[in-house]
Every structure is written in structure tokens, then in C-alpha cells.
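K.L.:
based on what follows, work out the 3D shape:
(chains A, B and C)
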Amino acid sequence: MAYWLFKSEPDTWSWEQQVARGDAGEHWNGVRNHVAKQNMMAMKVGDRGFFYHSNQGKAIVGIVEVIRPYYPDHTDPTGKFGMVDIKAIEPLPRPVTLEEAKHEPRLKDMVLVNNSRLSVQPVSAAEWRVMRELGGLPAE
DNA sequence: GCCAACGTTGGC
DNA sequence: GCCAACGTTGGC
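P.N.:
You can find the predicted model right below:
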């Protein structure tokens, strides 16, 4: 299983809204970056990801799961980009802020710390474990 | 609100 | 195909 990170401004789409969708989930539309697109194309149903609030909060707040693989994004007039569907699994008992992530040596190579502009990012298995631990979730 | 970093666009 | 100009993102 692979791990990912989905970034969203809470004003646009928040964790609370994602949770409200329940198991039906929601499509992750609006990605217009090719690296982010490549990441979504690599996703498989069952992959897990972190849900990150950018701008306001600047923290990882929850865990999501990919429930539908890559398909065309109908909101893209050029037809070049696609999206996946994700559903909320559980919140982090203790949200992990960007500040904390930057100060954790084991997360120094995380994309979130090094390339803050990429909206859909890969997360390594080691980073996944460390972040869960910081967030107050038990080991998987 | 500012601005650095990054991506994209379009003239040549 | 290069690269300057422009637009956007997102941390600060």
C-alpha cells in the first residue's frame, strides 16, 4: 500500500466537509499540476493519505482512503487533468502542524517540508509511521 | 498583505 | 525550443 498527502485550503474544502461526506467520499477535483496528477494516477483503491489544511491551520488533521482510482476531472476544460475519490477514515487526535513537522528530524525529507506548493504528495512508509505517532494514533 | 518559489504561457 | 513575463500558491 502506498501513502499520500492531500492538501486543501479549509476555506475551499475542509476536513469537516470531507467527514460529512462519510463513506460516499468526495472527488478531489481541481488539481492542475502535472506532478500532482502523476501522483494521483499512481494511486490504488485502498491507499491511505493524510489530509492537510494549508493557509489556515497548516496542519495534518486526518486520515483518508482512496476509494476510486484516477478518472477525468469534468471541471477541467482542457481535459488534461483527472482526479480520484477519497473518504475520511479518522481524525488525528492531535493535529500535527507544519511547524512540528519541520522540527522533527525524521521528517526532514518530507515533501511537505521541502516543496510546500505541491498539492498532492507522496509520503514514505517511514514518514507515515512518524506522523501517525506525532498525531497520537496507535501504530498500525 | 507581502513575496519567494514554482508552473505556465506565449512571443520570438 | 528558449526564456521572459505573468499568475498562483502558500508560508510568513
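
K.L.:
who does the residue lying closest to residue A:36 once chain neighbours are set aside bridge with?
P.N.:
Leaving aside its sequence neighbours, residue A:36 sits nearest to residue A:120 (CB to CB, 6 or more residues apart in numbering; 3.9 Å). C-beta here means a position set from N, CA and C on the backbone, and glycine is covered the same way. Residues in a beta bridge with residue A:120, per DSSP bridges, are residue A:6.

K.L.:
separation between the residue nearest to residue A:125 when sequence neighbours are not counted and DNA strand B?
P.N.:
Spatial nearest neighbour of residue A:125, excluding adjacent residues (CB to CB, 6+ apart): residue A:3 at 6.5 Å. Residue A:3 sits at a distance of 20 Å from DNA strand B (criterion: CB to the nearest atom of the strand, to the nearest Å).

K.L.:
can you count the residues close to residue A:3?
P.N.:
Number of residues near residue A:3 (other CB atoms under 10 Å) recorded here: 19.

K.L.:
tell me the contacts of residue A:27?
P.N.:
Under the criterion of CB atoms under 8 Å, 6 or more residues apart in numbering, the neighbours of residue A:27 are A:68, A:73, A:83-85.

K.L.:
any idea how far it lies from DNA strand B?
P.N.:
Noted for residue A:27: a distance of 20 Å to DNA strand B, by CB to the nearest atom of the strand.

K.L.:
report pLDDT for that residue.
P.N.:
The score at residue A:27 is 96. That number is its pLDDT.

K.L.:
now it: phi and psi?
P.N.:
Main-chain torsions, residue A:27, degrees, to the nearest 10: phi -80, psi 140.

K.L.:
how close does it sit to residue A:36?
P.N.:
In this view, residue A:27 and residue A:36 are 14 Å apart by CB to CB, to the nearest Å.
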